[in-house]
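> sequence and predicted structure are below.
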Amino acid sequence: MTDFTPGPWVQFADQGKCVAIMPAGRDGDICTFMQPPTDADARLMTAAPQLLKALEKILRANDDFVAAMPTEYEGDSLTDACDEAKALLVVVGSAGSGS
């Protein structure tokens, strides 16, 4: 679905600080840190695979919605946001851009 290491990902902590993010139950690192990230940043990075999967579902649902609309439908703010998200997924290299 994507070019990324599939989730779930987990944090590896040393003395209470995140020092690496790695695939859960598999060998290898996603990233290691010389300076530990904040707890909020580490949680966000760890959640990235699940966030990407949820975003791809939203994009597919919006595509289905737009496809069912009359031909004169010009979109709405959700469709505009989905278009922005698709463009960002192209930039980060995700094959699952909801199209």
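Structure received. Just so it is clear, the structure is predicted and the values come from calculations on it, not from any experiment.
> what ranges do the strands span in the chain?
Applying DSSP state E to the chain gives strands spanning 9-14, 17-23, 31-32.
> and the first one, how far from the chain's centre?
Translated: strand 9-14. Put simply, strand 9-14 sits 18 Å off its chain's centre (CA atoms, centre = their mean, to the nearest Å).
> same check, this time on the shortest one
On the basis of CA atoms, centre = their mean, the separation between the geometric centre of strand 31-32 and that of its chain is 17 Å.
> average pLDDT for it?
Per-residue pLDDT over strand 31-32 has a mean of 82.
> and it, which strands flank it?
In the sheet, strand 31-32 lines up against strand 17-23 (antiparallel) (DSSP bridges).
> just want the angle from the partner strand to strand 9-14.
If you take axes from the mean of the first three to the mean of the last three CA atoms, to 10 degrees, strand 17-23 sits at 150 degrees to strand 9-14.
> tell me the helices and strands packed up against the longest helix along the chain.
With secondary structure taken from DSSP state H, the chain has its longest helix at helix 48-68. Contacts defined by 3 or more CB pairs under 8 Å, 6 or more residues apart in numbering; DSSP states H and E place helix 48-68 against helix 77-92. Quick note: C-beta positions are derived from backbone N, CA and C, even for glycine.
> could you check the angle helix 48-68 makes with the helix it packs on?
Using the same axes, to 10 degrees, helix 77-92 lies at 130 degrees relative to helix 48-68.
> for helix 77-92, the distance to its chain's centre please.
12 Å.
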